[in-house]
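In: Sequence unavailable; structure follows:
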């Protein structure tokens, strides 16, 4: 959902030689035909690779998709209105069954949003929204400011503190922000939620 003009997820899978049985990408924008799409479609035995351009997933469901095993919605919700967020969530629920694994990632509002983000939500708001509609199986921070996670690291065991300070002596803050974010999702600038339908 919101696969982007460059369809980065399927390209990553293709270059890693991981071929899904089927792939459907939907996006509000026009999705240009690219040579890589033909290669991916051929690898997937034709007919199992579909891109839907100018498709508002918050209002309607794509045709010809049966019981997806994985639904991905990366870095989309912050670009749409709250009403569209609820529409997207409702349609994810309609498409899913209890075996569907859902991944949603979005920034966590911390008082300052990116210029092109019209709807950043706080971690607590997202946690409440996700738990209202899904079972939260896991949540990881994907990027965290050192300023925000260092007070948390100071409360952890000696081994984690030593690892952090040892890596800090060698690596720059950008890498540390990615390496330690998964441990502290509530203090991260961006999170990924792994979800399933409530039983």
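Out: Sure, I can see it. Every value quoted in this text rests on a predicted model; they were computed, and no experiment measured them.

In: pLDDT value on residue 30, please?
Out: According to the prediction, residue 30 has pLDDT 92.

In: My impression was that it belongs to a strand - is that right?
Out: No - using DSSP: H, G, I helix; E, B strand; the rest coil, the secondary structure at residue 30 is coil, not a strand.

In: buried set for the helix or strand hosting residue 107?
Out: Residue 107 belongs to strand 101-107 when elements are defined using DSSP states H and E. For strand 101-107, burial by neighbour count (16 or more other CB atoms under 10 Å) applies to 102, 104, 105, 106, 107. To be clear about C-beta, it is placed using only N, CA and C from the backbone, and glycine gets the same treatment.

In: Check stretch 20-28 too.
Out: 20, 23, 24, 25, 26, 27, 28.

In: relative orientation of the longest helix anywhere in the chain and strand 101-107 in degrees?
Out: Within the chain, and with DSSP state H defining each element, the longest helix by residue count is helix 82-95. Counting by axes from the mean of the first three to the mean of the last three CA atoms, to 10 degrees, helix 82-95 points 170 degrees away from the direction of strand 101-107.

In: Now do the same for helix 82-95: mean pLDDT, whole number.
Out: 96.

In: which SS state does residue 58 fall under?
Out: Residue 58 is classified as coil under three-state DSSP.

In: can you pull the buried residues of the helix or strand encompassing residue 175?
Out: Using DSSP H and E, residue 175 maps to helix 173-179. By 16+ other CB under 10 Å, the buried positions in helix 173-179 come out as 176, 177, 178.

In: Give me the angle between the very next helix or strand once past it and strand 101-107.
Out: Sequence-wise, the next helix or strand downstream of helix 173-179 (DSSP H and E) is strand 190-196. Orientation check (the same axes, to 10 degrees): strand 190-196 against strand 101-107 gives 160 degrees.

In: helices and strands of the chain: which one bottoms out on pLDDT?
Out: helix 35-43 (a mean of 83; mean pLDDT, DSSP states H and E).

In: And the contacts of that one?
Out: 7, 10, 11, 14, 19, 23, 47, 48, 49, 51 (CB atoms under 8 Å, 6 or more residues apart in numbering).

In: Just give me how far the following helix or strand past that helix sits from the chain centre.
Out: With elements assigned by DSSP H and E, the helix or strand that comes after helix 35-43 is strand 49-52. In terms of CA atoms, centre = their mean, to the nearest Å, the centre of strand 49-52 is set 19 Å apart from its chain centre.

In: And for stretch 89-97?
Out: For stretch 89-97, the distance to the chain centre is 16 Å (CA atoms, centre = their mean).

In: Pull out the buried positions in it.
Out: 89, 91, 92, 93, 95, 96.

In: where in the chain is pLDDT low?
Out: Scanning the chain for pLDDT under 70 picks out 46-47, 64.

In: now the strand ranked longest in the chain, how far from the centre of its chain.
Out: Ranked by residue count, the top strand of the chain under DSSP state E comes out as strand 135-143. Distance of strand 135-143 from the chain centroid (CA atoms, centre = their mean) equals 10 Å.
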